[in-house]
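**Q** Show me how the following folds:
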Amino acid sequence: MRDFGKNIAKAKLQADELVLCLCVNQMRTPNIAMLAASAGFDALYVDHEHNPTDLETTAAICIAAVGMGITPLVRIASVASHDIGRVLDLGAQGIMVAHVNTAEEARAVAAACLFKPLGHRSASGPLVSMAYRPLPQAEVNAMANRETLVMAIIETEEGLANVDAIGAVPGIDTLHIGANDLSIELGVTGQYRHATMRDAYAKVTAAARKGGKSTGIGGIRNDPALQTELLQQGFRYITCGSDVGYVLGGGQADTEAIRAMPLK
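**A** As a prediction, the model looks like this:
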């Protein structure tokens, strides 16, 4: 039987390999998982921070992603254990928690994602991400702890100031920069090449390296030079773009090209 419990993205990050992710913002059907896989993404995340996608829709997308061999993640805006536990129970293989500002919040995230002795996640029985296989609970817990990808998003001045302490928290796998929000917080909105942002990239990378974590980033698109720089700096997880961005970008390029054609 296929090992449905395997987290492809986490394995690649642990091997210091590149993981490319698609943000699912507006699409509501499982087809997005097939499209993401066909486009070459390693993972997708369903955005519960900035859109109204419900839990049933999220479950369908996560299950489809597992079937397509890519990792389903969910981004949430709360460190509340019941929010985290529900999306993990419905099929997500990882969590991205927005606005993690302190080590205490990071510990709360890890505790909600992982079973004892690493955390205090509540047991729900057979897990969707493991294809509902009727495994002993101890085996389910051990596999979930091993395969769940836990990301703390650093996107505030407070989070950046505390990033060394956040990076030292056991159970956090990845320090992920939310470049858009962080640039706003740091007073350089959208200026991803600004020296202030470059200092932030270096600080987060150093904290991740010190804590044995991987480093990720989202919000930077259409800048291959900066992306190359970040990869060489040690970033291994990149949210490349969203379904909305790709539809708008492709659609706008097409309409502009056609409207520029002579009618006669």
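**Q** switch to C-alpha atoms for all contacts and neighbour counts from now on
**A** OK.
**Q** Please, where are all the helices along the stretch 101-250 of the chain?
**A** Using DSSP state H, counting those that start in this stretch, the helices of the stretch 101-250 of the chain run over 103-113, 137-147, 157-161, 163-167, 179-185, 195-211, 224-233, 243-259.
**Q** which parts of the last one are buried?
**A** So that's helix 243-259. Neighbour-count burial for helix 243-259 flags Asp243 (criterion: 16 or more other CA atoms under 10 Å).
**Q** what packs against that helix?
**A** Counting contacts by 3 or more CA pairs under 8 Å, 6 or more residues apart in numbering; DSSP states H and E, helix 243-259 packs against strand 19-24.
**Q** cool, the second one as well?
**A** If contacts are counted by 3+ CA pairs under 8 Å, 6+ apart, helix 137-147 sits against no helix or strand.
**Q** Give me the angle between it and helix 103-113.
**A** In terms of direction (axes from the mean of the first three to the mean of the last three CA atoms, to 10 degrees), helix 137-147 departs from helix 103-113 by 140 degrees.
**Q** ok, residues contacting helix 137-147?
**A** For helix 137-147, contacts defined as CA atoms under 8 Å, 6 or more residues apart in numbering pick out 5-7, 10, 93, 113-115, 118, 125-127.
**Q** out of those, which one sits closest to Ser183?
**A** Lys10 (27.1 Å; CA to CA).
**Q** Which residues does whichever strand or helix holds the closest one contact?
**A** Using DSSP states H and E, Lys10 sits in helix 8-14. The contact list for helix 8-14, computed with CA under 8 Å, 6+ apart, reads 18-19, 42-43, 69-71, 147-149, 214, 236-237.
**Q** And it, how far out from the chain middle?
**A** Centroid displacement of helix 8-14 relative to its chain, using CA atoms, centre = their mean, to the nearest Å, is 12 Å.
**Q** Just the CA atoms of it, as PDB, please.
**A** Only the C-alpha atoms of helix 8-14 are listed here, as PDB (Å, rounded to 0.1, in the frame of the first residue of the first chain):
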ATOM      1  CA  ILE A   8       6.900  15.000   0.800                       C
ATOM      2  CA  ALA A   9       7.700  18.700   1.500                       C
ATOM      3  CA  LYS A  10       9.000  18.000   5.000                       C
ATOM      4  CA  ALA A  11      11.300  15.200   3.700                       C
ATOM      5  CA  LYS A  12      12.700  17.600   1.100                       C
ATOM      6  CA  LEU A  13      13.300  20.300   3.600                       C
ATOM      7  CA  GLN A  14      15.100  17.900   5.900                       C
END
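**Q** what's the distance between stretch 45-57 and the middle of its chain?
**A** The answer for stretch 45-57 is 13 Å, by CA atoms, centre = their mean.
**Q** again, but for stretch 141-161
**A** Centroid separation between stretch 141-161 and its chain, computed with CA atoms, centre = their mean, is 9 Å.
**Q** Can you give me the buried ones in it?
**A** Buried residues in stretch 141-161, counted by 16+ other CA under 10 Å: 141, 144-157, 159-161.
**Q** Looking at the contacts of helix 137-147, point me to the pair that's furthest apart.
**A** Pairwise distances across the contacts of helix 137-147 peak at 22.8 Å for Lys10 and Gly125 (criterion: CA to CA).
**Q** Which residue of these two possesses the greater neighbour count?
**A** Neighbours per residue, other CA atoms under 10 Å: of Lys10 and Gly125, the larger number sits with Lys10, 24 against 15.
**Q** what separates that one from Ser129, distance-wise?
**A** Noted for Lys10: a distance of 14 Å to Ser129, by CA to CA, to the nearest Å.
**Q** Ala36 too?
**A** For Ala36 relative to Ser129 (CA to CA), the value is 18 Å.
**Q** okay, those two: which has more neighbours?
**A** Ser129 (28 against 21).
**Q** wait, that one sits on Gly5?
**A** Yes. Counting by CA atoms under 8 Å, Ser129 does reach Gly5; the two are 5.6 Å apart.
**Q** Find me the pLDDT at Phe4, would you?
**A** Predicted confidence (pLDDT) for Phe4: 69.
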